[in-house]
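>>> One predicted model, sequence on top.
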Amino acid sequence: MDTFKITNFIKSLAKEYGFIKCGIAPVEKLNSESNYLKQWIKSKYSGEMFWIEKSLEKRINPLLILEDVKSIVSLAYLYDTKELHPSEKNIAKVSRYAWGNLDYHKVLKKKLKEMTNKIKEVDNQIKTKFYVDDGPVMEKVWAVKAGIGWMGKNTNVIDPEIGSFFFLSEILIDKELIYDQPLEDMCETCNICINACPTGALIEEYKLDASLCISYLTIEKKGELPQDIDLDGWIFGCDICQEVCPYNKHKFVTNELGFQPNKKIYNKSFSELLKINQEEFEKEFTSTAIKRTRYEGFKRNLLHNLNKLKTA
């Protein structure tokens, strides 16, 4: 199959499997991004996410992941739903990407596995490797290069029509394809996201101090949280910098039933959720993204918010 046909085949597969966008970029070593990432880590903006530095060389050079890789297919999959976050201060908030019954990794990996199998069926010489934000791949960088969207000032990839509430995943492939062009950065003079961040994690345009980010604090941070930090009601992740973005004013919602809000956690108070014991937590959230914070982190986040509420 020639370059034009295999490219069209991959894009038609992406549409068939429900991806809202599919873009393709040629592989290159990420030299400028490497310098930025090294300085970002040196500034301790990565917090306790030590695996980023450990996999640094692979992140900046895809050839260390898949030998002879020539193209990276970037894919976007919607996860937003029609439901809104509750406004009451005693109600716990969970990021939209995690409030469903299914862990998105399982959903998307199944799709990517089937897609790569079909690609190999038309050309059994092709080598592929795929990731859903869990490998040594700078997925936002490649999404920008592949024309999925531009890198917003909140460090999320933004599409001018569908916004930013989508998962990114990639297929690395050892074949030259027809490539897409990057989009123009349309953030312009807007700083709404920077001004809206309650912890000041967006320290400047296009730069995030992850150690201050509510998503990092509620998921990645181990042990006790700094007492002066206000999680603003969030117990897993945070959607604030995306919610305020003008490009998300028109809601595009997912068809994936597993991403709809789980009634066990959606619109529940901190006190209600604190009644969940470890056994119940393991049973209820074992197939969801929330399991990543583990029961200890789940309870810690609830208590931290509840204590802030009491002392407000």
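That came in fine, so what should we check first?

>>> hmm, who's touching the host helix or strand of residue 110?
Assigned by DSSP states H and E, residue 110 falls within helix 104-122. The contact list for helix 104-122 (CB atoms under 8 Å, 6 or more residues apart in numbering) reads 1, 6, 9-10, 13-14, 17-19, 75, 77, 79, 97, 126, 128, 130, 132-134, 167, 169, 171, 173, 256, 258-259, 287, 289. Any C-beta I mention is one placed from the backbone N, CA and C, and that applies to glycine too.

>>> again, but for stretch 223-241
So stretch 223-241 is contacted by 85, 89, 91-98, 154, 156, 193, 196-199, 202, 212-215, 217-219, 270, 273, 289-290, 293, 298, 300-302, 304-305, 308 (CB under 8 Å, 6+ apart).

>>> Now restrict these to buried residues only.
85, 91-98, 154, 156, 193, 197-199, 202, 212-215, 217-219, 270, 273, 289-290, 293, 298, 300-302, 304-305, 308 (16 or more other CB atoms under 10 Å).

>>> Go through these and flag which are in helices.
Residues of the buried ones among the contacts of stretch 223-241 located in helices (DSSP state H): 193, 214-215, 217-219, 270, 273, 298, 300-302, 304-305, 308.

>>> Between all of those, which two are separated the most?
Within those, 193 and 273 form the most distant pair, 28.0 Å apart (CB to CB).

>>> for stretch 167-186, what is the average pLDDT?
For stretch 167-186, mean pLDDT is 98.

>>> my bad, stretch 90-97
For stretch 90-97, the per-residue pLDDT averages 97.

>>> What's the PyMOL line that selects buried ones from the contacts of helix 104-122?
To isolate the buried members of these in PyMOL, using 16+ other CB under 10 Å:
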select buried, resi 6+10+13+14+17+19+75+77+79+97+128+130+132+167+169+171+173+256+258+259+289
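
>>> so residue 155 touches residue 140, yeah?
Yes - using CB atoms under 8 Å, residue 155 and residue 140 qualify as a contacting pair, with a distance of 7.3 Å.

>>> contacting residues for the closest residue to residue 204 other than its chain neighbours?
Leaving aside its sequence neighbours, residue 204 sits nearest to residue 194 (CB to CB, 6 or more residues apart in numbering; 7.7 Å). Taking CB under 8 Å, 6+ apart, we find residue 194 in contact with 153-154, 202, 204-205.
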